[in-house]
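# Following is a predicted model, sequence given first.
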Amino acid sequence: MKQNFCKPNFLWAVLLGLCYYFGQSYVTLAHAELVSSNPAPGQVLTEFPDEVRLEFNESISLGSTFTVFDREFKEIPISVEIDLNTDNIMTGRQVEITEPGVYTVQWLIISQDGHSIDGSFSFAVDTSDRNGGTHDMELMAAAESTAVNLPGWFAWMMVGLAIVVPFLVRNMTRN
């Protein structure tokens, strides 16, 4: 009788411990995220951009910056400014993109809590004639900008565990 009592309590304790452990790591991943950008990730532009604009979901500190790279990962000169009125927007002006191709924007920001967060995305510039030009750049830009939202994926995994595990524990205790 004592053995049946300990088995479910032990399993519940392990389950709660795992939820607490993994739930804490998920909360620490909640930092500043890119909300929008111009050009957008995976976008194919038909003209050369004058500026690159990044908007984040929370304020960013001075020292935050971003860089634009071409396909060979050579840095494209830009002048980066943080919008002091909203303090969550960075703009790169005087962008010297003069050739069609795939470009990567790589940012490093410092959120208000002092954590540094980095990320990247790609866009393409295709100035060729649509009737005779190739569309390989559209595919490359879309493929390079694909990202998996692991925190969101992780949250759904935890919801699934929270639903399935009680049924498993109940079936194990019946036997």
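Sure, I can see it.

# Run through the helices of this structure in chain order.
2-28, 136-144, 150-174 (DSSP state H).

# Please tell me how far Ile117 sits from Val165.
32 Å (C-beta to C-beta, to the nearest Å). Heads up, the C-betas are built off the backbone N, CA and C, glycines and all.

# So in this structure, where's the weakest helix or strand by average pLDDT?
helix 136-144 (a mean of 52; mean pLDDT, DSSP states H and E).

# How many residues are close by Pro41?
Residues contacting Pro41 under the criterion other C-beta atoms under 10 Å number 19.

# ok, it touching Ser122?
Yes. Pro41 lies in contact with Ser122 (C-beta atoms under 8 Å); the separation is 6.9 Å.

# looking at the helices of the chain, which one has the lowest mean pLDDT?
Ranked by mean pLDDT, the helices of the chain end with helix 136-144 at the bottom, a mean of 52.

# Bridged to Trp107, which residues?
Phe66, Gly119 (DSSP bridges).

# give me the number of residues near it?
Burial measure for Trp107: 22 neighbouring residues, criterion other C-beta under 10 Å.

# Can you name the residues that contact it?
Applying C-beta atoms under 8 Å, 6 or more residues apart in numbering to Trp107 gives the contacts 34, 54, 64-67, 90, 118-120.

# any idea which of those has the most stuff around it?
Taking other C-beta under 10 Å as the neighbour criterion, Leu54 ranks highest of those with 24 neighbours.

# Show me the beta-bridge partners of that residue.
Counting by DSSP bridges, Leu54 is bridged to Ser37, Met90.

# hang on, isn't it packed against Glu33?
No. Using C-beta under 8 Å, Leu54 is not in contact with Glu33; the gap is 10.9 Å.

# Thr91 is in contact with Arg53, correct?
Yes. With contact defined as C-beta under 8 Å, Arg53 and Thr91 form a contacting pair (4.9 Å).

# Break the protein down into its structural domains.
With domains defined by automatic domain parsing, the chain comprises 2-28+154-174, 34-144.

# For stretch 52-65, buried residues please.
With burial defined by 16 or more other C-beta atoms under 10 Å, the residues of stretch 52-65 counted as buried are 52, 54-56, 60, 64-65.
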